[in-house]
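1. got a structure for you, letters missing:
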């Protein structure tokens, strides 16, 4: 009998029992009533599974929630492609590779990473050159996540009882903003310089004049339209930034919080506005958000970011080593030949899966692994919670994050014999605790985990010829 079933997945999908008391109460009730994990009858094992479920501080992912979240991430990737990719070379390089080649180190201080803390404020944090590139790349992605609905023709998801929202016209001011931010973070490309030099105020003023009077029916007096545009642009420049903006939104609420159906997929209009203040690197780059009663849209955005990008450990965020840690580390270092042998074995291992990007990214909790942990003195029982394979999402390794998208066609029959398909939600599938020698083949996708970053050796940048690459050696993570 399968240890998991479609009903279990449907009940646990997008819940965070380790962060939300509401979710934990529901999971506890479902487990005690025997409505989930029906294939596991041993009371002790069920209690242990419940304990592990209660330690998951992120939204529990499934194939369905992953595919829905990709709908949210793809428009952000479109913005990044426009920023870094040269159209005629798009098939030759990834966006990340293009961004790494576009990093020139302009405006950067050696040994310091620039962090954007608000729309107009920055701070410095200790970090290496590779940290500057990685954190800078992420901050541009976060900017895209913050304003995606106003930068590309992507409509928000319809709220219940409201009219279907229409795509908004791209805001030239926000496009100029991402160009200025990219330059501030050390990146240069032809598109970045073009965006920085863009006069967004004049573009908005011109659009306003045409919107006020349809050009097909009206025309302004000859020679005056430029004057009107200049006057309106000058008016825009008199605006003063509001300094007493409300504090960062809380990831928790005392009420029921976000419904399960709102915890994955496209942004909803109200959720986008509520979570904008959270979408900065210093707020997102945290291993956990604590614990509360209900979850807000801010928690959902944070959880999605962690799932796709993980955590970057900057030197200032790493705990200082205690004398006991240093003594233990010295005792664990193997002697001469053994160290060389281990090093060679590691090099051979690193050579495998070369298509998977590498990054010094960690997460505090892997939902899948949490469910498989057992007491050290117990005989481990076979249990797989995530349905295609336990490596589905997210998986942290030294070589990056793997996300299983689908099985190979030749494993369909195996899957049919080992699990059932949820007819109402094809994204949810079941899988038994198969033995190691009977695992289905799967296609993997590397998402948002950077390859090893090395500066180009050639004198010119092959992707952005107009940008001279920084010659300083990248520190190895």
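-> Yes, it's here. Source: prediction; values computed, not measured. Residues are numbered from 1 along each chain as shown.
2. doesn't residue 125 fall inside a strand?
-> Yes. Assessed with DSSP: H, G, I helix; E, B strand; the rest coil, residue 125 lies in a strand.
3. isn't it right up against residue 316?
-> Yes. The pair residue 125 and residue 316 passes the contact test of C-beta atoms under 8 Å, sitting 5.0 Å apart. For the C-beta atoms, the positions are set from N, CA and C on the backbone; glycine is no exception.
4. what about the spatially closest residue to residue 39 that is not a sequence neighbour, how many neighbours?
-> Closest residue to residue 39 apart from its sequence neighbours, by C-beta to C-beta, 6 or more residues apart in numbering: residue 3 at 4.3 Å. Residues lying near residue 3 (other C-beta atoms under 10 Å) number 20.
5. my read: residue 3 touches residue 42, true?
-> No. Residue 3 is not in contact with residue 42 according to C-beta under 8 Å; the separation is 11.2 Å.
6. Relative to residue 289, how far out is residue 249?
-> As judged by C-beta to C-beta, to the nearest Å, residue 249 and residue 289 stand 11 Å apart.
7. what do the two both touch?
-> With C-beta atoms under 8 Å, 6 or more residues apart in numbering applied, the contact sets of residue 249 and residue 289 do not overlap.
8. What count of nearby residues applies to residue 285?
-> For residue 285, the neighbour count with other C-beta under 10 Å is 22.
9. If you could redo that for residue 261, that was the one I meant.
-> By other C-beta under 10 Å, neighbour count at residue 261 equals 10.
10. Where does pLDDT dip in the stretch 51-200 of the chain?
-> 90 (pLDDT under 70).
11. Same drill for residue 125 and residue 316, tell me which one is more crowded.
-> In this comparison of residue 125 against residue 316, neighbours counted by other C-beta under 10 Å, the higher total goes to residue 125 at 16 against 11.
12. if I pick that one, what's in contact with it?
-> Listed by C-beta under 8 Å, 6+ apart, the contact partners of residue 125 are 112-113, 115, 314-316.
13. Can you select the buried ones from those residues in PyMOL?
-> Buried subset of these, written as a PyMOL selection, criterion 16 or more other C-beta atoms under 10 Å:
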select buried, resi 113+115+314
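14. give me phi/psi at the residue nearest to residue 39?
-> As for residue 3, its main-chain torsions (degrees, to the nearest 10) stand at phi -80, psi -20.
15. Distance check, it against residue 34.
-> The spacing between residue 3 and residue 34, counted by C-beta to C-beta, is 14 Å.
16. count of neighbours near residue 218?
-> 10.
17. what comes into contact with stretch 136-146?
-> Outside of stretch 136-146, the residues within contact range by C-beta under 8 Å, 6+ apart are 75-76, 79-80, 83, 96, 99-100, 103, 113-116, 151, 177-178, 181-182, 185-187, 276, 279-281, 284, 301, 305, 309, 312, 448, 450.
18. could you redo the last one with a cut-off of 7 Å?
-> Judged by C-beta atoms under 7 Å, 6 or more residues apart in numbering, the contacts made with stretch 136-146 from elsewhere in the structure are 76, 79-80, 83, 96, 99, 116, 151, 178, 181-182, 185-187, 276, 279-281, 284, 309.
19. for stretch 268-281, same thing?
-> Residues outside stretch 268-281 that contact it (C-beta under 7 Å, 6+ apart): 115-117, 135, 138-139, 142, 145-146, 149, 156-157, 159, 165, 248-249, 262, 296-298, 301-302.
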